[in-house]
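Asker: Provide a 3D model corresponding to the input given below.
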Amino acid sequence: MFVPEVYGTTLNGLFRASIYNASGMKSVRMNITVTEARAGKIATIQTGVFTIAPGNNIIPSGVARTASLAMAQNATANFIRRNQYFPQGDYEYSFNIYSASSSEEIIIDQTFNHEITPPAPLDLIEPYDKDDICEKRPLLTWQPSIPKMDGLLYQVMLVEIKDKQNAVEALNYNLPIVNQKGIVANLLVYPPNSKELVAGKKYAWQVSAYRDQTIINRSDVWSFEVNCQDTVSAVIPTDYGYRDIENLVKGNFYIAEGFIRFSMINSYQEQKLRFNIVCTTDPKSKIRSLPTIKLKKGQNKINIDLSRNFSFKEGYSYVMTAYLPDGTPKSLRFIYKNIE
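Answerer: Numbering: from 1, shown residues only. I've put the predicted structure just below:
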């Protein structure tokens, strides 16, 4: 049993395979051959003798340390020698386990395939980088890791930034205020057992995506400051809920409780608003039956009703791309919530 999506990116990861033995104790050897569709054979690994018991067996660490490795002479193999990980490509992993007493007696002959592609950046959403916020227990949100992988979990780290520190230094050296693992969704409600943030202080945070304790992807480190006075003054009570689309996309985050509300200026003739919405939590889902929005000349307060559209699911993340009258696209990320 081998999971190439997690362990098929390094030579050491190949030894994270496990062997299921349905019969009695056996002394065996193992050969692992890695090939890439364009480059051909990349590496061959041969182990010494080891014993497998009935049931599931992990490969002993001593077997991995003493195994012999033969690398091919091609550009892909040379890259692996220098960088210790597999570059982008279409790989085949062949595992052959045979009896220690006879190389003719093959016990297992199994092949796995996996295409290694660069993961999309794991982007943070809210709190926005270098932003001022008022919430002392903020909701932390980020884009889902792509490509989507079964069993993928997230870890969130949040620390205070001390004097003369930058965000990365703070995250590496300071004790975390929040260190939450095992997160399934791409958001974290501030943990009740973590102390609340303090007005006037700066904080750094980062999200890691992992599976089986192996880091798959990691976001940049962002910082923000708790500054309630500035945040409150930025809200105009008479226009609450209809913030300018320019301000919304700069914040790059929005919770749509049944509706998306924003304002924009149309300096041209009356026309339809061109916009589309895609789901980032489940990219395969299709968003249908979006309403038609007509823009009048001048100031427009736009209210897009999503509550009656069954394409939207509670807690899922979406991106709306709206095209301004001059053709400029503006992307707004939001999480959909049902109307309570």
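Asker: by contact count, what packs against the biggest helix by length in the chain?
Answerer: When the chain is parsed with DSSP state H, its longest helix is helix 75-83. Under the contact criterion of 3 or more Cβ pairs under 8 Å, 6 or more residues apart in numbering; DSSP states H and E, helix 75-83 touches strand 40-46, strand 68-71. (Glycine included, C-beta is placed from N, CA and C.)
Asker: which of these is buried the deepest?
Answerer: Most buried of the helices and strands packed on helix 75-83 by mean neighbour count (mean count of other Cβ atoms under 10 Å) is strand 40-46; its value is a mean of 17.
Asker: shaky segments in the stretch 151-300 of the chain?
Answerer: 228-241, 249-253 (pLDDT under 70).
Asker: where exactly do the helices run in it?
Answerer: Under the criterion DSSP state H, counting those that start in this stretch, helices of the stretch 151-300 of the chain are mapped to 167-173, 228-233, 245-251.
Asker: nearest residue to the middle of the protein?
Answerer: S145 (2.0 Å; Cα atoms, centre = their mean).
Asker: surely it touches G151?
Answerer: No - assessed by Cβ atoms under 8 Å, S145 is found out of contact with G151, at 11.8 Å.
Asker: secondary structure class for the residue lying closest to L306 once chain neighbours are set aside?
Answerer: Leaving aside its sequence neighbours, L306 sits nearest to F312 (Cβ to Cβ, 6 or more residues apart in numbering; 5.0 Å). Taking DSSP: H, G, I helix; E, B strand; the rest coil as the rule, one finds F312 in the coil state.
Asker: can you report how many residues neighbour F312?
Answerer: F312 has 20 neighbours, counted by other Cβ atoms under 10 Å.
Asker: surely it touches D305?
Answerer: No - between F312 and D305 there is no contact, the gap being 10.6 Å when judged by Cβ under 8 Å.
Asker: how close does the residue nearest to L306 sit to R211?
Answerer: Remark: distance between F312 and R211 (Cβ to Cβ, to the nearest Å) = 28 Å.
Asker: which other helices and strands contact the helix or strand where K330 lies?
Answerer: Following DSSP states H and E, one finds K330 within strand 329-337. Contact analysis of strand 329-337 by 3+ Cβ pairs under 8 Å, 6+ apart lists helix 245-251, strand 255-257, strand 259-266, strand 317-323 as its packing neighbours.
Asker: contact partners of stretch 217-230?
Answerer: 119, 121-124, 127-136, 142, 145, 161, 167-168, 171, 197-209 (Cβ atoms under 8 Å, 6 or more residues apart in numbering).
Asker: give me the buried subset of the residues you listed.
Answerer: Buried by 16 or more other Cβ atoms under 10 Å: 122-124, 127-128, 131-133, 142, 145, 161, 167, 171, 197, 202-209, out of the contacts of stretch 217-230.
Asker: since we're on the closest residue to K130 other than its chain neighbours, how many residues are nearby?
Answerer: Leaving aside its sequence neighbours, K130 sits nearest to S223 (Cβ to Cβ, 6+ apart; 6.0 Å). Neighbours of S223 under the rule other Cβ under 10 Å: 21.
Asker: K202 versus S223, what's the distance?
Answerer: Going from S223 to K202 by Cβ to Cβ gives 6 Å.
Asker: overlap in contacts of these two?
Answerer: Residues touching both S223 and K202 by Cβ under 8 Å, 6+ apart: I161.
Asker: so what are the sheet partners of the strand holding K330 and their directions?
Answerer: Note on strand 329-337: by DSSP bridges, its sheet partners are strand 255-257 (parallel), strand 317-323 (antiparallel).
Asker: now the residue nearest to Y336 when sequence neighbours are not counted: phi and psi?
Answerer: Leaving aside its sequence neighbours, Y336 sits nearest to F312 (Cβ to Cβ, 6+ apart; 4.6 Å). Note on F312: its backbone torsions stand at phi -100, psi 140 [degrees, to the nearest 10].
Asker: what do you get for the one 4 residues further on?
Answerer: Note on Y316: its backbone torsions stand at phi -80, psi 150 [degrees, to the nearest 10].
Asker: V63 too?
Answerer: For V63, the backbone dihedrals (degrees, to the nearest 10) come out as phi -70, psi -40.
Asker: Y203 against K195, yeah?
Answerer: No - contact criterion Cβ under 8 Å: Y203 and K195 do not qualify, at 11.8 Å.
Asker: what's the overlap in contacts for these two?
Answerer: Contact with both Y203 and K195 is made by residues I177, according to Cβ under 8 Å, 6+ apart.
Asker: outline the domain layout of this structure.
Answerer: Residue ranges for the domains of the chain, per automatic domain parsing: 4-116, 124-229, 235-337.
Asker: can you count the residues close to the nearest residue to S194 once chain neighbours are set aside?
Answerer: The shortest distance from S194 to any non-neighbouring residue, by Cβ to Cβ, 6+ apart, is to V178 (4.9 Å). Neighbour count for V178, taken as other Cβ under 10 Å: 18.
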